[in-house]
Every structure is written in structure tokens, then in C-alpha cells.
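Chemist: sequence and computational prediction follow.
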Amino acid sequence: MTASAHPAPAAHLAQLNIATLLHPLDDPRLAPFVDMLDTVNAAADAAPGFVWRLVEDGAVDATGLRPAGEDVIVNLSVWESQDSLWDFTYRSGHLEVMRQRRDWFERHVSAHLVLWWVPAGHVPTVGEALERLADLRANGPSPRAFTFASAHSAAEADLHRRAGDSAPVL
């Protein structure tokens, strides 16, 4: 069998986004955000193409985890495709959160969202996700770490991985 006869491994899209809080989560100025969390998370869980999201042990969300800094919250999830993540992010009730984010979070001066392909069934760790964000910040978009605006396919990511993550993209 030739290499081209082997199907590419099934892949899912992982995403990490971080947000620096303007105030502590229990501050009344963040109450509208906190009040939307359960609804938005439930919508994500039920969204077409949703696979998994990070949740703190014993909690319903990940807002208590602070691996990127005491005032930084993280959102880490896995989706079947870029289209399913895009639809949830920009074509659902999640968009209302996006519209109000300046009320609750600092404006980002560096990349705050990173996307990358993982083998279907792989659950990315927070460390892996933060490393991908650091890679995007240091090296710009590549098949290893990218954004919606600089997307790469799972096949491109697989070729890049096979060539070695440090290999230049042609």
C-alpha cells in the first residue's frame, strides 16, 4: 500500500483562549459575566461538533484554575472541526459575551487565542495549551499553532509534525 493510500489520522481542533480580568471574579462589576457562565458553558456542551472542555475538579467550569497568572482565566476546549468552533464562537449566544468582553477583561496586546490540531481522542493538557500559545506568540502562526485568521488544516499540521516541529513551513 502506498503512503497516499493511508487515510490521514482523525483530528480534532483544540483551542485555548485566555483573558486577564479587570476585577476579581467576585467583584459586582463582573457579575454579568459570571451570571452568563453556566448558560454559555451549557450551550458549548450541546453545540454541534463540541468534544470536550476543561473543568476544574469539583467545579462546573475552569474559572478557578489560574495556570497563566492569578488574574488570568483560561478556556481550553476541543472541537470536531474549525467550522464547529467558529459557529459556536460567532454564531451563538457566546457572541454576546464577546461583545461585552471589554467590560470585564483587559485589552490584549499579544495573542490570547491559539488553535492546533490534536489526534481524535486526545485531551490536551493546560501545559500543552500554554506552550502552543507561547509558540504562536514567539514564532507567529504555523501549522503547529495558529488562529482563525491564519488557519491550517489538520493535514498541514500532520505534515509539519512529521517533518519536525522546528522545520520551516514551505
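Modeler: Looks like it came in fine.
Chemist: could you check how many residues crowd around residue 112?
Modeler: With neighbours defined by other Cβ atoms under 10 Å, the count for residue 112 comes to 20. Any C-beta I mention is one placed from the backbone N, CA and C, and that applies to glycine too.
Chemist: cool, residue 82 as well?
Modeler: Counted with other Cβ under 10 Å, the neighbours of residue 82 add up to 19.
Chemist: quick one: it from residue 149, how far?
Modeler: The gap separating residue 82 from residue 149 is 12 Å, by Cβ to Cβ, to the nearest Å.
Chemist: mind listing the strands for the chain?
Modeler: Using DSSP state E, the strands of the chain run over 11-20, 50-53, 72-79, 113-119.
Chemist: so can I have CSV of these showing distance to residue 126, mean pLDDT and mean neighbour count?
Modeler: Output for the strands of the chain, formatted as CSV (distance: least, Cβ to Cβ, whole Å; pLDDT from 0 to 100; neighbours: other Cβ atoms under 10 Å):
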stretch, distance to residue 126, mean pLDDT, mean neighbour count
strand 11-20, 8, 97, 21
strand 50-53, 12, 97, 17
strand 72-79, 6, 97, 21
strand 113-119, 12, 97, 20
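Chemist: now render those strands as JSON lines, adding distance to residue 158.
Modeler: Output for the strands of the chain, formatted as JSON lines (distance: least, Cβ to Cβ, whole Å):
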{"stretch": "strand 11-20", "distance to residue 158": "7"}
{"stretch": "strand 50-53", "distance to residue 158": "18"}
{"stretch": "strand 72-79", "distance to residue 158": "17"}
{"stretch": "strand 113-119", "distance to residue 158": "7"}
